[in-house]
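Novice: coordinates only, sequence not included:
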DNA sequence: CCATTCTGCTTGCAATTGTTAACACGGCGC
DNA sequence: GCGCCGTGTTAACAATTGCAAGCAGAATGG
């Protein structure tokens, strides 16, 4: 596994924030016992719990996922992730953009020829 | 939940790719029965399984997470997600950049103490 | 000295994930 | 008719998540 351990990452963040196990548990909405087990690597938290903890620790969800090994590297261009995490788009807009982008990518991969009818605008 | 169902999304992608349940299961490395249950909304797949299915269906992991409701809206600027998904950075570089960025953001939030949702207790 | 109140840790327990069987239905060849 | 492979579905099962409740130890104060 690429993740050395997500527990010590969370623990570092928690101690850096100078809050106790129970305080973090309360803010994240999970039990204190579970936080303890997560920090020592005894349990592997789900994505939902991971996101809650990230929110409580003022860390972005993608950052936590990346650390947990849930977000990989080579399967995508950066564009999609940027879309997914952009705070200035609504969820519907994200899904539309994402789906369009994926459709384009699939078609490109299938045909592999440059006959492209719809130009793709690059957004800085 | 904002996601009506992740199952029909997967099913649509699978039928669009014209592959069977078992083919998708094999490529994703999960059981065929489980794919069936997921597509009908009987089970909620974990992030790992979701990522495997996404890979098998040639869809990016963030796109799948977004569709499953695991990736939210208000968590960050697009910067971090872009870092996470950038194929030209090593994992270690991503983590370093991410951590630095998060640290900056935390310090900004701490010093610009004004319109804040959750107060941070400071011990004098 | 004892009570209180922190800290984190351990122990059962319910709910869920994900698998390995099977199952029913349908098409095609003998 | 009978097999054989294909589709998706269901049932029983082991493994895991996540929680409520209680544990020991240290600090503080009556």
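Specialist: That came in fine, so what should we check first? Worth saying up front: this structure is predicted, and the values here are computed from it rather than measured.
Novice: can you list the residues of chain A near DNA strand C?
Specialist: Contact residues, chain A versus DNA strand C (C-beta under 7 Å from any atom of the strand): A:20-23, A:32-33, A:36-37, A:39-40. (Each C-beta comes from the backbone N, C-alpha and C, glycine too.)
Novice: what's the domain layout of chain A?
Specialist: In the domain annotation for chain A, the residue ranges read A:6-68, A:78-111 (automatic domain parsing).
Novice: mean pLDDT lowest for which of these?
Specialist: Lowest mean pLDDT within those: domain A:78-111, a mean of 52.
Novice: any idea how far residue A:54 lies from DNA strand C?
Specialist: Relative to DNA strand C, residue A:54 is positioned 18 Å away (C-beta to the nearest atom of the strand, to the nearest Å).
Novice: Count the residues that sit near that residue.
Specialist: For residue A:54, the neighbour count with other C-beta atoms under 10 Å in any protein chain shown is 24.
Novice: With adjacent residues omitted, what lies nearest to it?
Specialist: residue A:64 (3.8 Å; C-beta to C-beta, 6 or more residues apart in numbering or on different chains).
Novice: same deal with residue A:68?
Specialist: Counting by C-beta to C-beta, 6+ apart, the residue nearest residue A:68 is residue A:6, at 4.6 Å.
Novice: Next: residue A:50.
Specialist: residue A:64 (5.3 Å).
Novice: And the helix or strand that neighbour falls within, what does it pack against?
Specialist: In the assignment (DSSP states H and E), residue A:64 maps to helix A:61-68. Packing partners of helix A:61-68 (3 or more C-beta pairs under 8 Å, 6 or more residues apart in numbering or on different chains; DSSP states H and E): helix A:6-16, helix A:47-56, helix A:78-85, helix B:78-85, helix B:91-111.
Novice: Okay, buried residues for the first one please.
Specialist: So the one you mean is helix A:6-16. In terms of neighbour count (16 or more other C-beta atoms under 10 Å in any protein chain shown), helix A:6-16 has its buried residues at A:6-7, A:9-11, A:13-14.
Novice: Cool, thanks, talk later.
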